[in-house]
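Colleague: Below is the sequence, then the predicted model.
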Amino acid sequence: MFVMERRYTKGQGCPASDLLGVCEWPLDTRGAPAVEIWRQASWETAPSDLVFILDGSWSVEDTNFEIVKKWLVNITSNFNIGSTFTQVGVIQYSDNPVLEIPLGTHSSSEDLLSDMESISYMGGNTRTGEAIKFADKQMFAMSERAPNGVTKIAVVLTDGKSQDEVKDAAEEARNNKITLFAIGVGPEIKDDELKAIANKPPSTYVFHVEEYIVISKIREVMRQKLCEGTSKL
């Protein structure tokens, strides 16, 4: 990880768009605060393929899907994007998985984040197992970097019990060296299903929040784990 410093004149305050860093008051030659410095971490990662698998079923609703997109943008905004660093893909699923952002199509975070913000909510049923299979067979396996043995990570975000089999799909993905995180939102998705999706231990790979509006609570810890994963797994 390296650190970028953004300097602001006294009184401007820290940016509110990202709470990852803190504002500090360095002292000038007279011992008085001179400028504010906001430090924002930028993750320097090894080559990795990272796929987000987003529930777009009816239970999510359009307003909450917009919250998910903002969360997704915030999670990925600090990754180095490119052929020698992290490539990010996005699947939205309901009755069927839809490839929203293919792996390897972006060379800068600006273009990636713009495409994330443009994803439209689908609606439909909840077939999480099919979405995991799609990520395994149609995204990771087809990545041009797959023969090079890059790190493969998938993040499944859902708010409802799957209407198909997830255990076998997740097990096959893990057998194909895909590291799976599972994020559940609300009371309808049970911990047992999240644990069946994710790698072990659950304390590292499973998250559960009570509603979409508080998903930002796990933003920083999730970003940290993804950074560690793309660097070390």
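Modeller: Structure's in. What do you need?

Colleague: which intervals of this structure have sub-threshold pLDDT?
Modeller: 1-46, 229-233 (pLDDT under 70).

Colleague: Could you give the bridge partners of the closest residue to residue 208 other than its chain neighbours?
Modeller: Leaving out its chain neighbours, the residue that sits closest to residue 208 by CB to CB, 6 or more residues apart in numbering is residue 184, at 4.4 Å. For the C-beta atoms, the positions are set from N, CA and C on the backbone; glycine is no exception. Under the criterion DSSP bridges, residue 184 forms beta bridges with residue 158, residue 208.

Colleague: residues touching residue 184, list them.
Modeller: 158-159, 190-191, 193-194, 206-209 (CB atoms under 8 Å, 6 or more residues apart in numbering).

Colleague: Can you tell me which helices and strands the helix or strand residue 171 falls within packs against?
Modeller: In this assignment (DSSP states H and E), residue 171 forms part of helix 167-175. Applying 3 or more CB pairs under 8 Å, 6 or more residues apart in numbering; DSSP states H and E, we find helix 167-175 packed against helix 128-134, strand 178-185, helix 191-197.

Colleague: now the angle from the longest one to helix 167-175?
Modeller: For strand 178-185 against helix 167-175, the angle between stretch directions is 140 degrees (axes from the mean of the first three to the mean of the last three CA atoms, to 10 degrees).

Colleague: Buried residues, strand 178-185. List them.
Modeller: By 16 or more other CB atoms under 10 Å, the buried positions in strand 178-185 come out as 178-185.

Colleague: just the strands in this protein please.
Modeller: Secondary structure of the chain (DSSP state E): strands located at 2-9, 23-24, 35-42, 48-55, 86-93, 97-101, 151-158, 178-185, 206-209.

Colleague: As CSV, could you dump the C-alpha coordinates of stretch 62-77?
Modeller: Taking C-alpha atoms only, stretch 62-77 is exported to CSV below (Å, rounded to 0.1, in the frame of the first residue of the first chain):
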residue,chain,number,x,y,z
ASP,A,62,-34.3,0.1,-7.0
THR,A,63,-33.4,2.4,-4.1
ASN,A,64,-31.4,-0.2,-2.3
PHE,A,65,-29.6,-1.2,-5.6
GLU,A,66,-28.5,2.4,-5.9
ILE,A,67,-27.0,2.1,-2.4
VAL,A,68,-25.2,-1.1,-3.5
LYS,A,69,-23.7,0.7,-6.5
LYS,A,70,-22.4,3.5,-4.4
TRP,A,71,-20.9,1.0,-2.0
LEU,A,72,-19.3,-0.8,-4.9
VAL,A,73,-17.8,2.4,-6.3
ASN,A,74,-16.4,3.2,-2.8
ILE,A,75,-15.0,-0.3,-2.3
THR,A,76,-13.1,-0.3,-5.6
SER,A,77,-12.1,3.4,-5.9
